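>>> Sequence and predicted structure below; questions after.
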Amino acid sequence: QVQLVESGGGVVQPGGSLRLSCAASGFTFNNCGMNWVRQAPGKGLEWVAFIGYDGNKIYYADSVKGRVTISRDNSKNTMYLQMSSLRAEDTAMYYCAKDVRRDGNRYFDYWGQGTLVTISS
Amino acid sequence: DIQMTQSPSTLSVSVGDRVTITCRASQSISNWLAWYQQKPGKAPKLLMHEASSLESGVPSRFSGSGSGTEFTLTISSLQPDDFATYYCQQYNSLWTFGQGTKVEIK
């Protein structure tokens, strides 16, 4: 069965950096686009970043552009999110989500349980 | 950017009630819309894609409709397991979620 396990969250000071990981299993990782989606405490879902199956297609939300880098290592079935210049408003649960493609459009069919990032001094 | 607006934000309902949640897109997204269910402390779960295509294992009391800019999620007879927050998501151009609709016990 599909499993997505996030790790790397924690408490970081404003301006600091963090690298999140998402370990995947149960599907052909190198065939699938992957995403990061975050949810601030008590708030809704916000898409953060996408990476295509081979890493050649990458998109970011405007709210994080220039401060985060998404990447993947298909030999390790793992996706990453390198975050820097972190702000209080980046405090959130960060989920990785696998996508499924239909007629060129992608939605998210499986999600991990999330890793919590807290930005606080 | 495409904005998604859900209404209402909260619904207070009873078991057995019919529930309707509306999602509006700021521009046409054809039928590139998904619905997710999220329970407290859990990850979102995909309910349907392409506005009305139910995922395997999702009860048939859930249905979706709409195209263009107006979409609806309907639960025909609310069950205890359905109390949760529901999100719509457009995937016509990148990805945007609605702000969520919390379905709570009356």
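That came in fine, so what should we check first? Quick caveat: nothing in here was measured; it's all calculated off a predicted structure.

>>> What parts of chain A come near chain B?
Proximity of chain A to chain B, by CB under 8 Å from any CB of the partner chain, involves residues A:35, A:44-47, A:50, A:59, A:61-62, A:95, A:100, A:102, A:105-114. C-beta coordinates here come from the backbone N, C-alpha and C atoms, glycine included.

>>> what do you get if the cut-off is 6 Å, keeping everything else the same?
Taking CB under 6 Å from any CB of the partner chain as the criterion, chain A approaches chain B at residues A:44-45, A:47, A:95, A:105-107, A:109, A:111, A:113.

>>> ok, how many other residues are close to A:Thr28?
10 (other CB atoms under 10 Å in any protein chain shown).

>>> Please disregard the earlier target; I meant B:Gln37.
20.

>>> in its sheet, what does the helix or strand that contains it sit against?
Assigned by DSSP states H and E, B:Gln37 belongs to strand B:33-38. Its sheet considered, strand B:33-38 pairs with strand B:45-49 (antiparallel), strand B:85-90 (antiparallel) by DSSP bridges.

>>> Of the residues of chain A next to chain B - the most surrounded one?
A:Leu45 (27 neighbours).

>>> which residue packs closest to the most centrally placed residue in chain A, ignoring adjacent ones?
Chain A has A:Trp36 as the residue nearest its centroid, 2.5 Å off, counting by CA atoms, centre = their mean. The shortest distance from A:Trp36 to any residue other than its chain neighbours is 4.2 Å, reached at A:Val48 (CB to CB, 6 or more residues apart in numbering or on different chains).

>>> Tell me where chain B has strands.
Assigned strands in chain B, in chain order: B:4-7, B:10-13, B:19-25, B:33-38, B:45-49, B:53-54, B:62-67, B:70-75, B:85-90, B:96-97, B:101-105 (criterion: DSSP state E).

>>> From what I see, the residue nearest to the centre of chain A and A:Leu81 are in contact.
Yes: counting by CB atoms under 6 Å, A:Leu81 is a contact partner of A:Trp36 at 5.0 Å.

>>> helix or strand right after the longest strand seen in chain A?
Determined from DSSP E, the single longest strand within chain A is strand A:92-102. Remark: after strand A:92-102, the chain's next helix or strand is strand A:105-111, criterion DSSP H and E.

>>> So which elements touch the helix or strand following that next one?
Note on strand A:105-111: by DSSP H and E, the next helix or strand toward the C-terminus is strand A:115-119. Applying 3 or more CB pairs under 6 Å, 6 or more residues apart in numbering or on different chains; DSSP states H and E, one finds that strand A:115-119 contacts strand A:92-102.

>>> Check which strands are paired with the strand or helix carrying A:Trp47 and give the direction for each one.
Using DSSP H and E, A:Trp47 maps to strand A:45-51. Partners of strand A:45-51 in the sheet, by DSSP bridges, are strand A:34-39 (antiparallel), strand A:58-60 (antiparallel).
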